[in-house]
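**Student:** need the 3D shape of this:
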Amino acid sequence: MEPQKPNPLQNPVNNSNNSAPPNFTNSPNFGQLNNAQPVIEKPKKITLSLNNVKLPTSIKIAMLIFALSSALILSLIPRIAHNVHSANTPPFWLFLVSGLFMICFTALFFNALSRLNLGFGKSALILAFGYNSVIVVIKFVLSPAALYISNRHTAFSTLGDDPNSLMYYIITGVIILFLYAIVFRLVYAFIHKKLEAQLGGERFSIKLNPKLFLIFGAALFCTFFVGGGAILLIGYLFAASSLDYLSYIFGALGIPLLLAIVLAIAIGYQSFDAVSEEVQITGNITLLAGFFWIGLAMIFLYHILWIVFMITLVHIWPFNTYSPK
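**Tutor:** Below is the predicted model:
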(Lines give C-alpha, C1' and ligand atoms only; values in the text may rest on other atoms or scores of the structure.)
Protein backbone atom coordinates (compact mmCIF):
# COMPACT_ATOMS: atom_id res chain seq x y z
CA MET A 1 0.00 0.00 0.00
CA GLU A 2 1.34 3.42 -0.98
CA PRO A 3 1.68 5.96 1.84
CA GLN A 4 -1.06 8.60 1.87
CA LYS A 5 0.01 11.93 0.36
CA PRO A 6 -0.18 14.91 2.69
CA ASN A 7 -2.96 17.40 1.96
CA PRO A 8 -1.44 20.77 0.95
CA LEU A 9 -4.42 22.56 2.52
CA GLN A 10 -4.26 20.65 5.81
CA ASN A 11 -4.16 22.99 8.78
CA PRO A 12 -1.67 21.99 11.50
CA VAL A 13 -4.26 22.10 14.30
CA ASN A 14 -4.00 19.73 17.22
CA ASN A 15 -7.12 17.63 17.17
CA SER A 16 -6.91 17.19 20.90
CA ASN A 17 -8.03 20.78 21.31
CA ASN A 18 -11.16 20.05 19.30
CA SER A 19 -12.30 17.05 21.29
CA ALA A 20 -15.65 16.82 23.07
CA PRO A 21 -16.00 17.84 26.74
CA PRO A 22 -14.51 15.33 29.22
CA ASN A 23 -16.62 12.35 30.32
CA PHE A 24 -17.17 12.27 34.05
CA THR A 25 -18.91 8.89 34.22
CA ASN A 26 -15.61 7.15 35.06
CA SER A 27 -14.77 9.51 37.88
CA PRO A 28 -14.71 7.93 41.39
CA ASN A 29 -16.97 10.72 42.66
CA PHE A 30 -19.55 10.31 39.88
CA GLY A 31 -23.04 9.87 41.33
CA GLN A 32 -22.05 11.08 44.82
CA LEU A 33 -23.81 14.03 46.37
CA ASN A 34 -21.25 16.60 47.35
CA ASN A 35 -20.77 20.31 47.11
CA ALA A 36 -17.97 20.08 44.59
CA GLN A 37 -19.70 19.77 41.25
CA PRO A 38 -17.57 18.83 38.22
CA VAL A 39 -16.89 21.79 35.99
CA ILE A 40 -17.25 21.01 32.31
CA GLU A 41 -14.80 23.03 30.30
CA LYS A 42 -16.15 24.82 27.30
CA PRO A 43 -14.65 23.65 24.02
CA LYS A 44 -11.89 25.87 22.84
CA LYS A 45 -12.75 28.22 20.05
CA ILE A 46 -10.99 27.45 16.80
CA THR A 47 -9.80 30.63 15.18
CA LEU A 48 -9.43 30.27 11.44
CA SER A 49 -8.01 33.23 9.57
CA LEU A 50 -8.35 33.47 5.82
CA ASN A 51 -4.91 35.08 5.79
CA ASN A 52 -3.31 31.90 7.15
CA VAL A 53 -4.46 29.68 4.28
CA LYS A 54 -2.12 29.77 1.29
CA LEU A 55 -2.76 28.11 -2.03
CA PRO A 56 -0.25 25.43 -3.05
CA THR A 57 2.15 26.18 -5.88
CA SER A 58 0.48 23.54 -8.05
CA ILE A 59 -2.80 25.49 -7.98
CA LYS A 60 -1.02 28.74 -8.85
CA ILE A 61 0.66 27.07 -11.84
CA ALA A 62 -2.69 25.68 -13.02
CA MET A 63 -4.23 29.15 -12.76
CA LEU A 64 -1.34 30.68 -14.68
CA ILE A 65 -1.74 28.16 -17.51
CA PHE A 66 -5.50 28.79 -17.52
CA ALA A 67 -5.04 32.58 -17.68
CA LEU A 68 -2.44 32.55 -20.46
CA SER A 69 -4.35 30.06 -22.59
CA SER A 70 -7.61 31.96 -22.16
CA ALA A 71 -6.02 35.33 -22.95
CA LEU A 72 -4.56 33.93 -26.16
CA ILE A 73 -7.88 32.49 -27.32
CA LEU A 74 -9.87 35.59 -26.37
CA SER A 75 -7.53 37.80 -28.37
CA LEU A 76 -7.55 35.51 -31.42
CA ILE A 77 -11.27 34.71 -31.78
CA PRO A 78 -12.37 38.32 -32.53
CA ARG A 79 -9.65 38.69 -35.17
CA ILE A 80 -10.70 35.44 -36.83
CA ALA A 81 -14.35 36.48 -36.71
CA HIS A 82 -13.48 39.84 -38.27
CA ASN A 83 -11.89 38.11 -41.25
CA VAL A 84 -14.97 35.95 -41.68
CA HIS A 85 -17.64 38.51 -40.81
CA SER A 86 -16.69 42.00 -41.99
CA ALA A 87 -19.52 44.03 -40.49
CA ASN A 88 -19.82 47.05 -38.21
CA THR A 89 -20.69 44.91 -35.18
CA PRO A 90 -19.39 41.52 -34.06
CA PRO A 91 -21.60 38.49 -34.79
CA PHE A 92 -23.33 36.81 -31.87
CA TRP A 93 -21.66 33.50 -32.61
CA LEU A 94 -18.35 35.14 -31.69
CA PHE A 95 -19.55 35.47 -28.08
CA LEU A 96 -20.89 31.92 -28.08
CA VAL A 97 -17.60 30.50 -29.33
CA SER A 98 -15.61 32.57 -26.85
CA GLY A 99 -17.82 31.44 -23.99
CA LEU A 100 -17.55 27.81 -25.10
CA PHE A 101 -13.75 27.96 -25.12
CA MET A 102 -13.74 29.58 -21.68
CA ILE A 103 -16.04 26.89 -20.29
CA CYS A 104 -13.74 24.20 -21.72
CA PHE A 105 -10.67 25.82 -20.13
CA THR A 106 -12.57 26.10 -16.84
CA ALA A 107 -13.45 22.41 -17.01
CA LEU A 108 -9.80 21.53 -17.59
CA PHE A 109 -8.77 23.66 -14.62
CA PHE A 110 -11.18 21.96 -12.21
CA ASN A 111 -10.22 18.57 -13.62
CA ALA A 112 -6.63 19.44 -12.72
CA LEU A 113 -7.76 20.38 -9.20
CA SER A 114 -9.43 16.98 -8.78
CA ARG A 115 -6.12 15.29 -9.59
CA LEU A 116 -4.14 17.28 -7.03
CA ASN A 117 -5.69 15.45 -4.07
CA LEU A 118 -6.54 18.63 -2.17
CA GLY A 119 -9.38 17.09 -0.19
CA PHE A 120 -12.30 18.52 -2.17
CA GLY A 121 -15.04 16.07 -3.07
CA LYS A 122 -16.30 15.55 -6.60
CA SER A 123 -19.64 17.17 -5.80
CA ALA A 124 -17.97 20.37 -4.62
CA LEU A 125 -15.73 20.57 -7.69
CA ILE A 126 -18.60 19.89 -10.10
CA LEU A 127 -20.71 22.58 -8.45
CA ALA A 128 -17.75 24.96 -8.52
CA PHE A 129 -17.36 24.31 -12.21
CA GLY A 130 -21.08 25.00 -12.55
CA TYR A 131 -21.10 28.47 -11.01
CA ASN A 132 -17.85 29.38 -12.76
CA SER A 133 -19.43 28.40 -16.08
CA VAL A 134 -22.37 30.70 -15.37
CA ILE A 135 -19.93 33.53 -14.59
CA VAL A 136 -18.24 32.81 -17.93
CA VAL A 137 -21.59 33.14 -19.72
CA ILE A 138 -22.23 36.44 -17.94
CA LYS A 139 -18.79 37.94 -18.61
CA PHE A 140 -18.02 36.67 -22.10
CA VAL A 141 -21.41 36.08 -23.74
CA LEU A 142 -24.27 38.10 -22.27
CA SER A 143 -22.45 41.26 -21.16
CA PRO A 144 -20.47 42.02 -24.35
CA ALA A 145 -23.43 41.08 -26.53
CA ALA A 146 -25.66 43.39 -24.47
CA LEU A 147 -23.21 46.26 -24.96
CA TYR A 148 -23.31 46.00 -28.73
CA ILE A 149 -27.10 45.54 -28.74
CA SER A 150 -27.49 48.65 -26.62
CA ASN A 151 -25.08 50.62 -28.79
CA ARG A 152 -27.20 49.93 -31.87
CA HIS A 153 -29.91 52.18 -30.45
CA THR A 154 -27.97 54.63 -28.26
CA ALA A 155 -24.51 56.12 -28.55
CA PHE A 156 -22.42 55.73 -25.39
CA SER A 157 -21.53 58.76 -23.28
CA THR A 158 -17.88 59.63 -22.63
CA LEU A 159 -18.63 61.56 -19.41
CA GLY A 160 -16.92 59.04 -17.13
CA ASP A 161 -14.46 57.82 -19.74
CA ASP A 162 -14.33 56.73 -23.35
CA PRO A 163 -15.88 53.23 -23.65
CA ASN A 164 -13.35 52.52 -26.40
CA SER A 165 -10.38 53.10 -24.09
CA LEU A 166 -8.39 50.74 -21.89
CA MET A 167 -8.91 52.86 -18.76
CA TYR A 168 -12.68 52.57 -19.09
CA TYR A 169 -12.55 48.78 -18.80
CA ILE A 170 -9.92 48.80 -16.06
CA ILE A 171 -12.06 51.09 -13.90
CA THR A 172 -15.27 49.23 -14.70
CA GLY A 173 -13.61 45.86 -14.20
CA VAL A 174 -12.26 46.83 -10.78
CA ILE A 175 -15.63 48.09 -9.54
CA ILE A 176 -17.57 45.11 -10.90
CA LEU A 177 -14.94 42.78 -9.42
CA PHE A 178 -15.49 44.47 -6.06
CA LEU A 179 -19.23 43.74 -6.31
CA TYR A 180 -18.55 40.10 -7.21
CA ALA A 181 -16.16 39.79 -4.25
CA ILE A 182 -18.75 41.17 -1.83
CA VAL A 183 -21.39 38.68 -2.94
CA PHE A 184 -18.88 35.83 -2.89
CA ARG A 185 -17.77 36.78 0.63
CA LEU A 186 -21.39 36.91 1.82
CA VAL A 187 -22.04 33.41 0.47
CA TYR A 188 -18.96 32.21 2.31
CA ALA A 189 -20.16 33.92 5.50
CA PHE A 190 -23.58 32.21 5.34
CA ILE A 191 -21.98 28.79 4.93
CA HIS A 192 -19.50 29.60 7.69
CA LYS A 193 -22.32 30.35 10.14
CA LYS A 194 -24.20 27.24 9.06
CA LEU A 195 -21.12 25.08 9.58
CA GLU A 196 -20.56 26.67 12.97
CA ALA A 197 -24.08 25.72 14.03
CA GLN A 198 -23.74 22.16 12.72
CA LEU A 199 -20.47 21.52 14.50
CA GLY A 200 -21.98 22.57 17.82
CA GLY A 201 -19.07 22.56 20.24
CA GLU A 202 -16.44 23.39 17.65
CA ARG A 203 -16.91 27.06 16.93
CA PHE A 204 -15.25 28.86 14.09
CA SER A 205 -14.43 32.54 13.86
CA ILE A 206 -12.85 34.58 11.12
CA LYS A 207 -10.07 37.03 11.91
CA LEU A 208 -9.94 40.08 9.73
CA ASN A 209 -6.57 41.67 9.17
CA PRO A 210 -6.41 44.89 11.26
CA LYS A 211 -4.41 46.52 8.45
CA LEU A 212 -7.54 46.47 6.29
CA PHE A 213 -9.37 48.63 8.82
CA LEU A 214 -6.42 51.02 9.02
CA ILE A 215 -6.30 51.39 5.24
CA PHE A 216 -10.06 51.87 5.05
CA GLY A 217 -10.00 54.46 7.85
CA ALA A 218 -7.12 56.34 6.21
CA ALA A 219 -9.00 56.39 2.91
CA LEU A 220 -12.09 57.82 4.59
CA PHE A 221 -10.00 60.45 6.39
CA CYS A 222 -8.31 61.55 3.17
CA THR A 223 -11.65 61.63 1.36
CA PHE A 224 -13.56 63.81 3.81
CA PHE A 225 -10.87 65.88 5.52
CA VAL A 226 -7.91 66.19 3.15
CA GLY A 227 -9.12 65.98 -0.42
CA GLY A 228 -12.64 67.23 0.18
CA GLY A 229 -14.86 67.59 -2.87
CA ALA A 230 -12.06 66.97 -5.37
CA ILE A 231 -11.63 63.34 -4.31
CA LEU A 232 -15.40 62.86 -4.22
CA LEU A 233 -15.61 64.24 -7.75
CA ILE A 234 -12.90 61.84 -8.93
CA GLY A 235 -14.75 58.99 -7.23
CA TYR A 236 -17.95 60.01 -9.00
CA LEU A 237 -16.20 60.04 -12.37
CA PHE A 238 -14.79 56.59 -11.65
CA ALA A 239 -18.23 55.29 -10.68
CA ALA A 240 -19.91 56.96 -13.66
CA SER A 241 -18.33 54.56 -16.14
CA SER A 242 -19.46 51.54 -14.13
CA LEU A 243 -22.99 52.90 -13.72
CA ASP A 244 -23.18 53.56 -17.44
CA TYR A 245 -21.89 50.06 -18.14
CA LEU A 246 -24.51 48.47 -15.89
CA SER A 247 -27.28 50.56 -17.44
CA TYR A 248 -26.18 49.52 -20.93
CA ILE A 249 -26.07 45.78 -20.32
CA PHE A 250 -29.18 45.54 -18.13
CA GLY A 251 -31.09 47.79 -20.48
CA ALA A 252 -30.47 45.34 -23.33
CA LEU A 253 -30.43 41.90 -21.68
CA GLY A 254 -31.60 42.58 -18.15
CA ILE A 255 -33.73 39.46 -17.58
CA PRO A 256 -31.16 36.90 -18.86
CA LEU A 257 -28.43 38.62 -16.84
CA LEU A 258 -30.48 38.65 -13.64
CA LEU A 259 -31.40 34.99 -14.07
CA ALA A 260 -27.77 34.08 -14.68
CA ILE A 261 -26.61 36.03 -11.61
CA VAL A 262 -29.21 34.33 -9.38
CA LEU A 263 -28.22 30.94 -10.82
CA ALA A 264 -24.52 31.59 -10.18
CA ILE A 265 -25.21 32.58 -6.56
CA ALA A 266 -27.41 29.52 -6.00
CA ILE A 267 -24.86 27.07 -7.43
CA GLY A 268 -22.04 28.83 -5.60
CA TYR A 269 -23.93 28.44 -2.31
CA GLN A 270 -24.43 24.73 -2.99
CA SER A 271 -20.73 24.30 -3.78
CA PHE A 272 -19.72 25.87 -0.45
CA ASP A 273 -22.31 23.71 1.30
CA ALA A 274 -20.74 20.61 -0.25
CA VAL A 275 -17.32 21.69 1.02
CA SER A 276 -18.73 22.23 4.52
CA GLU A 277 -19.92 18.63 4.49
CA GLU A 278 -16.38 17.55 3.59
CA VAL A 279 -15.11 19.55 6.58
CA GLN A 280 -17.45 17.68 8.90
CA ILE A 281 -16.38 14.32 7.49
CA THR A 282 -12.63 14.85 7.27
CA GLY A 283 -12.08 17.36 10.08
CA ASN A 284 -9.93 19.50 7.77
CA ILE A 285 -11.02 22.97 8.79
CA THR A 286 -8.98 24.71 6.08
CA LEU A 287 -10.94 23.23 3.17
CA LEU A 288 -13.59 25.94 3.32
CA ALA A 289 -11.08 28.80 3.38
CA GLY A 290 -9.01 27.20 0.61
CA PHE A 291 -12.14 26.77 -1.51
CA PHE A 292 -12.94 30.45 -0.94
CA TRP A 293 -9.51 31.62 -2.13
CA ILE A 294 -9.63 29.41 -5.23
CA GLY A 295 -13.04 30.77 -6.16
CA LEU A 296 -12.04 34.37 -5.53
CA ALA A 297 -8.87 33.93 -7.60
CA MET A 298 -10.91 32.56 -10.50
CA ILE A 299 -13.30 35.51 -10.32
CA PHE A 300 -10.30 37.85 -10.40
CA LEU A 301 -8.89 36.07 -13.47
CA TYR A 302 -12.25 36.23 -15.26
CA HIS A 303 -12.30 40.01 -14.85
CA ILE A 304 -8.73 40.37 -16.13
CA LEU A 305 -9.60 38.21 -19.12
CA TRP A 306 -12.78 40.22 -19.66
CA ILE A 307 -10.65 43.36 -19.98
CA VAL A 308 -8.46 41.62 -22.57
CA PHE A 309 -11.55 40.45 -24.48
CA MET A 310 -13.29 43.84 -24.47
CA ILE A 311 -10.17 45.77 -25.54
CA THR A 312 -9.75 43.37 -28.45
CA LEU A 313 -13.40 43.80 -29.43
CA VAL A 314 -13.48 47.61 -29.33
CA HIS A 315 -10.21 47.77 -31.23
CA ILE A 316 -11.92 45.96 -34.12
CA TRP A 317 -15.53 47.14 -33.61
CA PRO A 318 -15.46 50.46 -31.69
CA PHE A 319 -18.61 51.76 -30.05
CA ASN A 320 -20.51 54.82 -31.23
CA THR A 321 -19.92 57.55 -28.63
CA TYR A 322 -20.80 61.17 -27.94
CA SER A 323 -19.37 63.82 -25.64
CA PRO A 324 -22.00 65.56 -23.47
CA LYS A 325 -21.68 69.33 -23.25
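**Student:** not counting its neighbours along the chain, what's nearest S133?
**Tutor:** In space, and not counting its chain neighbours, S133 is closest to I103: 5.0 Å by Cβ to Cβ, 6 or more residues apart in numbering. Just so you know, the C-beta spots here come from the backbone N, C-alpha and C atoms, and that holds for glycine as well.
**Student:** verify the contact between L177 and L305 for me.
**Tutor:** No. Shown here, L177 and L305 do not form a contact pair, counting by Cβ atoms under 8 Å, at 11.7 Å.
**Student:** of the two, which one has the most company?
**Tutor:** L305 (24 against 17; other Cβ atoms under 10 Å).
**Student:** and the strand or helix carrying the more buried one, what's buried?
**Tutor:** For L305, the host element (DSSP states H and E) is helix 287-316. Residues 287-292, 294-296, 298-303, 305-314 are the ones in helix 287-316 that count as buried (16 or more other Cβ atoms under 10 Å).
**Student:** that one - what's its average pLDDT?
**Tutor:** The pLDDT scores in helix 287-316 average 95.
**Student:** how many neighbours does D161 have?
**Tutor:** The number of residues packed near D161 is 20, by other Cβ under 10 Å.
**Student:** start at 411 instead
**Tutor:** In the new count, where the first residue is 411, that last one comes out as D571.
**Student:** wait, it sits on I580?
**Tutor:** No. In this structure D571 lies outside contact range of I580 using Cβ under 8 Å: 9.3 Å.
**Student:** residue boundaries of the helices in the stretch 511-660 of the chain?
**Tutor:** Ranges of helices in the stretch 511-660 of the chain, per DSSP state H, counting those that start in this stretch, are 532-547, 553-563, 576-609, 620-631, 639-692.
**Student:** check N425 and give its pLDDT.
**Tutor:** 44.
**Student:** could you do F434 as well?
**Tutor:** Value for F434, per-residue pLDDT: 33.
**Student:** kindly report the same for H602.
**Tutor:** H602 is given a pLDDT of 84.
**Student:** is it true that it touches I695?
**Tutor:** No. H602 is beyond contact range of I695, at 10.9 Å (criterion: Cβ under 8 Å).
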